[in-house]
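Trainee: Sequence and predicted structure below; questions after.
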Amino acid sequence: MLAIRLAAERGHVDHGWLDTRHTFSFADYHDPAHMGFRALRVINEDRVRPGAGFQTHGHRDMEILSYVLAGGLEHRDSTGTGSVIRPGDVQRMSAGTGIMHSEFNASVTEPVHFLQVWILPERRGLTPSYEQKHFAAVDRRGRLRLIASRDGQDGSVRIHQDARVHATLLEPGEAVTHIVAPERHAWVQVARGRIELGPHALSAGDGAAVSDEPALTVVAREPSEVLVFDLA
């Protein structure tokens, strides 16, 4: 079974400095029919103007992944970590018992475009921590590259949940297949481009919940970037 979440149906807020679209309920956007999928709680597509950003604020008990599509995102947090996240980088922040952080566009001339993903942790009260790794385009091209997992397999960042996140870059006509184990589920998020997922045509910003399917195949119809979440 596939349930499609179209980009145009997402929550949308334009703050001027931030243009953000919410796949699931977030902040002042509330849709009881879209509160998350399994442990996947948030997928926000954010565009931040040059020189602007999120002032210092706090999080608790959430696994937060940042995936930059264009530009650079400057991160600072209360663990003493500071970095700039660029395309190909994956940042994982475990908020746990509480963490304060800020995120700013690292450029004063170019916008930054990124996905912010929240995953519910397997337990509350974890020690806050941070991790960032780079996954080269060549390693994501034409294949599903594991970028986040519970055990840090294949050099992925480690998340505190039974979930595996893959990323792929596809040229027109290229396809990747993900096997969905019994009693597991998947979410497909099109970050850029246009794909086919079974009988469905999906474009940038579209997503799909997959349950009771033994496999899913993504076929690109133009240059595309796609995330695939494997969830308990």
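Mentor: Perfect, I can see it now. Numbering: from 1, shown residues only.
Trainee: Could you use CA atoms for every contact and neighbour count after this?
Mentor: Will do.
Trainee: Domain parsing of this protein, as residue ranges.
Mentor: 11-134, 137-231 (automatic domain parsing).
Trainee: Including mean pLDDT, mean neighbour count and distance to Arg5, could those domains go into CSV?
Mentor: Formatted as CSV, the domains of the chain follow (pLDDT from 0 to 100; neighbours: other C-alpha atoms under 10 Å; distance: least, C-alpha to C-alpha, whole Å):
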stretch, mean pLDDT, mean neighbour count, distance to Arg5
domain 11-134, 93, 18, 7
domain 137-231, 97, 19, 5
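Trainee: could I get those as a markdown table with distance to Leu2?
Mentor: Output for these, formatted as a markdown table (distance: least, C-alpha to C-alpha, whole Å):
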| stretch | distance to Leu2 |
| --- | --- |
| domain 11-134 | 12 |
| domain 137-231 | 5 |
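Trainee: Go through these and name the closest to Met1.
Mentor: Of all those, domain 137-231 sits nearest to Met1, with 5.3 Å by C-alpha to C-alpha.
Trainee: Just checking the distance from the closest one to the centre of its chain.
Mentor: Computed by C-alpha atoms, centre = their mean, to the nearest Å, the chain-centroid distance of domain 137-231 equals 11 Å.
Trainee: distance of the closest residue to Pro223 other than its chain neighbours from His12?
Mentor: Spatially, and ignoring its direct neighbours in sequence, Pro223 is nearest to Glu171 (4.6 Å; C-alpha to C-alpha, 6 or more residues apart in numbering). To His12, Glu171 is 29 Å away according to C-alpha to C-alpha, to the nearest Å.
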